[in-house]
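Here is a sequence with its predicted model. Questions after.
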Amino acid sequence: MSQFFYIHPDNPQPRLINQAVDILRRGGIIVYPTDSGYALGCMLGDKHAMDRILTIRQLPENHNFTLVCSDLSELSIYANVNNQAYRLIKNNTPGRYTFILTATKELPRRLMTSKRKTIGIRVPDNQICLDLLKTLGEPILSCSLILDDSEITQSDPEEIRERLEHQVDLIIHGGYLGQEPTTVIDLTEDSPSIIRVGSGDTTPFN
């Protein structure tokens, strides 16, 4: 059975943030809040935890995960970014966007899309999430928490607890959130391409 932490959305308790990071480092899967609903997350290099997330979400092995980052300092480690793309990302983060970028060789091959060698990167505007990332010191490997063929992200932590408490290691209650997923922007070509319209404003990319 998973642990269940009530963490203040504006002033996250450092003790609980540290405990959550310890669970991640021990190979755990956590449910945590972002600025576009709740997400499932694990350590970047933990294949077993990644496979557990695929099972929970009933996703294929080639599903595209996202690297959730605390800021843009880690961007060049995992993705190739030209100046134009960097400016667009910088001007719109933190925010409700996932940016598709060409992956570097530092990224484990299993995390890249099989043909294009790309990776999704995002910097969310959520204090609990940002505190988790800063304490962890590296990105969280994540995907949106969407269940049962729904097209919306889970937003009610009590409902998540009822459904997933035997499948994950920690559920963080960080408030009741919106249900619309991120807007996905492909920045692998010269011009931005909007792949999915979600909760992020598409105006800067038109």
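Thanks, I have it.

After the worst-scoring helix or strand of the chain on mean pLDDT, which helix or strand is next?
When each helix and strand of the chain is scored by mean pLDDT, DSSP states H and E, helix 75-78 comes last, with a mean of 90. Note on helix 75-78: by DSSP states H and E, the next helix or strand toward the C-terminus is strand 79-80.

Show me where the protein has its strands.
For the chain, the strands defined by DSSP state E cover 3-6, 30-34, 37-43, 66-68, 79-80, 97-103, 118-122, 140-144, 170-173, 183-186, 193-196.

mind listing the helices for the protein?
Using DSSP state H, the helices found in the chain span residues 14-25, 47-57, 75-78, 83-91, 127-136, 157-164.

which one of these is the most hemmed in?
The highest average neighbour count among these, using mean count of other Cβ atoms under 10 Å, belongs to helix 127-136 at a mean of 21. From N, CA and C alone the C-beta is placed, and that goes for glycine too.

Quick one: distance of that one to the chain centre.
Its chain's C-alpha centre and that of helix 127-136 lie 12 Å apart, by Cα atoms, centre = their mean, to the nearest Å.

helices or strands next to it in the packing?
Judged by 3 or more Cβ pairs under 8 Å, 6 or more residues apart in numbering; DSSP states H and E, the packing partners of helix 127-136 are helix 14-25, strand 30-34.

got those as JSON lines, with mean pLDDT columns?
Written out in JSON lines, the entries for the helices and strands packed on helix 127-136 read as follows (pLDDT from 0 to 100):
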{"stretch": "helix 14-25", "mean pLDDT": "98"}
{"stretch": "strand 30-34", "mean pLDDT": "96"}
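
Switch those over to JSON lines, and while doing so, append distance to Lys90 to every line.
As requested, the helices and strands packed on helix 127-136 are arranged in JSON lines below (distance: least, Cβ to Cβ, whole Å):
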{"stretch": "helix 14-25", "distance to Lys90": "26"}
{"stretch": "strand 30-34", "distance to Lys90": "19"}
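
who's in contact with the most far-flung residue of the chain relative to its centre?
Outermost residue of the chain with respect to the C-alpha centroid, by Cα atoms, centre = their mean, is Asp190; its distance is 25.1 Å. Asp190 is in contact with Gln84, counting by Cβ atoms under 8 Å, 6 or more residues apart in numbering.
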